[in-house]
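Q: Sequence and predicted model, in that order:
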Amino acid sequence: MSTDDRVQSVRNAWTNALRAEVLRVGRRIPEVARVVTVGMWIATYADADGSNAFPGRDTLATLSGCSQETVTRAVRVLMGVGVLARKRRPNASAMYQLLMPLGGGLDWPSHIHHMTETRQRVARRKEKEQRAAESGTRNASGDAVRKASATDVPDGVRVGGSEPAPGAPDSVRGRPRNASPDAVRTASASGVYQYIPTSGRDPLPDHTLAGLSPQPQQRAGEAVKDESSTGQRQAAKPRDTALAAVRARPVLARCTECTIPLPVGDTGICQGCTDYLATTNPERRTA
């Protein structure tokens, strides 16, 4: 039999037809490619005549890289355009039959809403419409001229105005002052904001800072007042104090045999030399 006499199977013809549909409308309707991907995996389970395909939703979701709900929506689109038939079975996965498309192109725009209109999108659209209905109290005028609203507030200004409430602080953060009518800044009745100095002590929030006077830090090398007398003394540097403490330590004695430093308070020879001298001459040679 020559190559011209070969008959293409329904399964191969079906996959070729859907591939051509994706190339035809895929750029205009990107969701068609996702729908056809699910259909291609269904076709891999079908026989040569396009029947006996019964993969589960979880299997198709794993193969297609999507959720089971997306698989269900894709099957609805394929059934809507007339290229797939489904037969439900009790306590088993559904049975699918591949149907060859008839005519020129498939009517994807009329059925693609099964793929695009998800529950999340519908909920977000309803929420957006509800917010627009609640806040949409202004109507455009017929002569394209902006008119004041019923509350005598311009449309571009929020309700409540931009002026501060009487007795409220102005816009300067941390300074409760009120604007003066003569454009001169004056202190408010509550007084000027005064911060508590924190120099010389730990300004942690868990400390009580009320009633503490400022304590400036002592500079290095500055003369400080002696607590025991009225005279002045030079503040000792931390490096000099540490060096003096090291020099005040007693000199360590050394071992008379190996001259290594001994622990504080020990004299004579070290423990290693004591053990060595306690052994006999044959034992030393063996060692």
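A: Yep, it's here. Here the structure is a predicted model, which is why all the values come from computation and not from measurement. Numbering: from 1, shown residues only.
Q: Can you tell me the closest non-neighbouring residue to Leu63?
A: Trp41 (4.7 Å; C-beta to C-beta, 6 or more residues apart in numbering). C-beta here means a position set from N, CA and C on the backbone, and glycine is covered the same way.
Q: What strand or helix carries that neighbour?
A: Counting by DSSP states H and E, the element that carries Trp41 is helix 31-44.
Q: how about that helix: buried residues?
A: 31-32, 34-43 (16 or more other C-beta atoms under 10 Å).
Q: For Arg19, which non-adjacent residue is spatially closest?
A: Using C-beta to C-beta, 6+ apart, the closest residue to Arg19 is Val36 (7.5 Å).
Q: Ala242 versus the one you found, what's the distance?
A: Computed as C-beta to C-beta, to the nearest Å, the Val36 to Ala242 distance reads 80 Å.
Q: Same check on Arg6?
A: 97 Å.
Q: got it, and Ile269?
A: With C-beta to C-beta as the criterion, Ile269 and Ala242 are 33 Å apart.
Q: With Arg19 instead?
A: Applying C-beta to C-beta to Arg19 and Ala242 gives a distance of 83 Å.
Q: Which one of the two is surrounded by more residues?
A: Arg19 (13 against 10; other C-beta atoms under 10 Å).
Q: Next, that one: secondary structure please.
A: helix (DSSP: H, G, I helix; E, B strand; the rest coil).
Q: cool, Val264 as well?
A: coil.
Q: is it true that it touches Val251?
A: No - using C-beta atoms under 8 Å, Val264 makes no contact with Val251, being 10.1 Å away.
Q: Looking at those two, which is more packed in?
A: Val264 (9 against 6).
Q: ok, now which ones touch the more buried one?
A: 250, 252 (C-beta atoms under 8 Å, 6 or more residues apart in numbering).
Q: just the one 5 residues further on next, same as before
A: Taking C-beta under 8 Å, 6+ apart as the contact definition, Ile269 lies against 255-258, 277.
Q: Which of these ranks first by neighbour count?
A: For these, neighbours tallied by other C-beta under 10 Å; top is Cys255, 18 neighbours.
Q: got a pLDDT number for Leu252?
A: pLDDT for Leu252: 80.
Q: oh, I was asking about Thr70
A: Reported pLDDT for Thr70: 94.
Q: Could you do Val36 as well?
A: Looking at Val36, the pLDDT reads 96.
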